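J.: fold the following, please.
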Amino acid sequence: QVQAVESGGGLVQAGGSLRLSCAASGRIFTDSAMAWFRHTPGQERELIATISWSGRSPGYADSVKGRFTISRDNAKNMLYLQMNSLKPEDTAKYYCNGDPPEEPYWGQGTQVTVVS
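T.: Next up is the predicted model:
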């Protein structure tokens, strides 16, 4: 079963930056909108950024708007999330998936921990 493979997470101080990557493949990536999600235990999974196949229509949750930038490289089947001005409340496990997401495609995610 094809799954996304996320990477790039880590421990960072508040105000710092990280760049997440997602190696995507298969039908879910080709000609499809993609998205980044994040999840904190005890909370609902949050859709934080979306991008169309063309890359011309990114969308962001209010919680990350102005700080995060989603991008994609279709030639490499890669999805990215540049995260700047990180806050402790950004601490979560981050996942990529299609938009809308497909259950079998959820990967292991990558943990982002922001300390003050």
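J.: what is the neighbour count of residue 70?
T.: Neighbours of residue 70 under the rule other C-beta atoms under 10 Å: 22. Placement of C-beta: from N, CA and C, glycine included.
J.: now do the same for it: its pLDDT.
T.: Looking at residue 70, its pLDDT reads 98.
J.: with residue 31 instead?
T.: Note on residue 31: pLDDT of 83.
J.: wait, isn't it in contact with residue 52?
T.: No. Using C-beta atoms under 8 Å, residue 31 is not in contact with residue 52, being 10.0 Å away.
J.: compare those two (neighbour count), which wins?
T.: Neighbour tally, residue 31 and residue 52, criterion other C-beta under 10 Å: the higher count belongs to residue 52, 14 against 9.
J.: quick one, what contacts that one?
T.: Residues counted as contacts of residue 52 (C-beta atoms under 8 Å, 6 or more residues apart in numbering) are 33, 58.
J.: which residues touch the nearest residue in space to residue 67 that is not next to it in sequence?
T.: Spatially, and ignoring its direct neighbours in sequence, residue 67 is nearest to residue 85 (4.6 Å; C-beta to C-beta, 6 or more residues apart in numbering). Neighbour list for residue 85: 15, 17, 67 [criterion: C-beta under 8 Å, 6+ apart].
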